[in-house]
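S.K.: sharing a model prediction with you, sequence too.
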Amino acid sequence: MSRNSLWFDERPRHLGWLLLLLPVLAVLLVAVGTNLWRDQPSPATVPAVAVSPRGPDVAVRVGLPMQPGVRIDAGGTAAPAKPALPNCPYQQLDLVTAHGKVQRACVATTRTLQSGDLRSYVLEPQGVSDWTLRVDSGDGRVMAASLSAPGRGDYRCEEDTCAGFSIGPRDAHGGRTLVVSRAVLTAEDGVAMHLSASLKAPGDQQDADLACNEPGIAIVERSGAVLTLCPSGGGGVVRLEHERRLYSLRGAAGDTLLVGVDAGGAVDFVQIGALECQGLACSGATTQPGDDPASESGRRFSFSGTTVTDGLRGGAAALLNGSAVLPPF
């Protein structure tokens, strides 16, 4: 028998094996294809964008990144951003020019000057600033103010044109706060400058030029505010009927203490501002004449827990302690 005849004799058996292997091969091909498909990177999800129908003549606003120092105003227009204002270590003046430019000037601590009844608060430049502010006051109100800088002009206000300035009450250390709220100061050519600030002025006892040489009279209000009065001139005496005398002791800040003494030499009246006491209510207040009997100068007034009140304001009061000598007049 030939070899070809043997192949034909075994062909049915070979076909059977092949038919059995075909399903296994098909399963393997499907598995390999599935793994290959899973390994493909998924496409990035593209969010759906709702586009409203627009006509051909309607402009579409597109947001682009802004350059540094540029902002978008309420109308959608690009405009230069406002510059950051510096932080001042002590005090600051906020200025707005006639063209709307905002500036901040750093100033040092407040320096207080006294000339007669005129008290001036001076704030000098600090750091790279060159603005100086001077505020003149009398009787607790602002009389004039000036703001100046070399090469930048001199701006002023006087009396009624100094609206926006206010001097606060004394605190527990005798200091005050000078508040400036959009005050308008004007140069000689009429150009205006707006000024805003909140400035601290130290108490007289914290200033070597204004502190009392003697202990002085400490006047402590119920609110905690403290005034130390030391007569520095302007004192005087008024002779009243029945040999009564009214003595005036004027402090450096313009505060005046009035003391009434009866014919027997006893204190029967004390007044400071709107606060006062009369008669027996002035307990703790005494007086002694000076070394020269022919002169009232040198008379000493002493207070030990003397209380003065103002019944019109519902209980405002102050406590007086210390002593002072009537200066020459």
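M.R.: It's in. Residues are numbered from 1 along each chain as shown.

S.K.: tell me how far residue 198 lies from residue 242.
M.R.: 51 Å (CB to CB, to the nearest Å). Placement of C-beta: from N, CA and C, glycine included.

S.K.: do residue 287 as well
M.R.: Residue 287 is 17 Å from residue 242, by CB to CB.

S.K.: between the two, tell me which one has more neighbours.
M.R.: residue 287 (17 against 6; other CB atoms under 10 Å).

S.K.: the more buried one and residue 269 touch, don't they?
M.R.: No: using CB atoms under 8 Å as the test, residue 287 is too far from residue 269 to be in contact (11.6 Å).

S.K.: what is in contact with those two at once?
M.R.: residue 259 (CB atoms under 8 Å, 6 or more residues apart in numbering).

S.K.: okay, now the unreliable bits of the chain?
M.R.: Residue ranges of the chain with pLDDT under 70: 1-20, 22-24, 26-83, 232-235, 311-314, 329.

S.K.: can you give me the helices in it?
M.R.: 3-38 (DSSP state H).

S.K.: and for residue 248, the neighbour number?
M.R.: Neighbour number of residue 248 under other CB under 10 Å is 17.

S.K.: ok, now residue 320?
M.R.: Around residue 320 there are 26 residues (other CB under 10 Å).

S.K.: next one: residue 118 from residue 134, what distance?
M.R.: Looking at residue 118 against residue 134, where the rule is CB to CB, the gap reads 11 Å.

S.K.: quick one, which of the two is more surrounded?
M.R.: residue 134 (17 against 13).

S.K.: touching, that one and residue 154? I think so.
M.R.: No: if you go by CB under 8 Å, residue 134 and residue 154 don't touch, sitting 10.8 Å apart.

S.K.: can you pull the residues that touch both of these two?
M.R.: Joint contacts of residue 134 and residue 154 (CB under 8 Å, 6+ apart) are residue 146.

S.K.: now the residue nearest to residue 254 when sequence neighbours are not counted: phi and psi?
M.R.: Leaving aside its sequence neighbours, residue 254 sits nearest to residue 117 (CB to CB, 6 or more residues apart in numbering; 5.4 Å). Phi and psi for residue 117, reported as degrees, to the nearest 10, are phi -90, psi 0.

S.K.: neighbours around residue 117, how many?
M.R.: Around residue 117 there are 13 other residues, counting by other CB under 10 Å.

S.K.: and it, how far from residue 253?
M.R.: Counting by CB to CB - residue 117 and residue 253 are separated by 9 Å.

S.K.: surely the residue nearest to residue 254 meets residue 136?
M.R.: No: at 10.7 Å, residue 117 does not count as touching residue 136 under the criterion of CB under 8 Å.

S.K.: where along the stretch 101-250 of the chain do the strands fall?
M.R.: Secondary structure of the stretch 101-250 of the chain (DSSP state E, counting those that start in this stretch): strands located at 102-107, 111-115, 118-123, 132-138, 141-149, 153-158, 165-167, 176-186, 192-201, 216-221, 226-229, 236-239, 245-250.

S.K.: burial check on the closest residue in space to residue 231 that isn't next to it in sequence, number of neighbours?
M.R.: Excluding the flanking residues, the one nearest residue 231 by CB to CB, 6+ apart is residue 249, at 4.2 Å. Other residues lying near residue 249 total 24 when counted by other CB under 10 Å.

S.K.: for residue 249, which residues make a bridge with it?
M.R.: residue 257 (DSSP bridges).

S.K.: over to residue 285?
M.R.: Beta-bridge partners, per DSSP bridges, of residue 285: residue 303.

S.K.: list the contacts for residue 259?
M.R.: 246-247, 249, 267, 269-270, 285, 287, 301.

S.K.: quick check, nearest of those residues to residue 168?
M.R.: residue 249 (24.4 Å; CB to CB).
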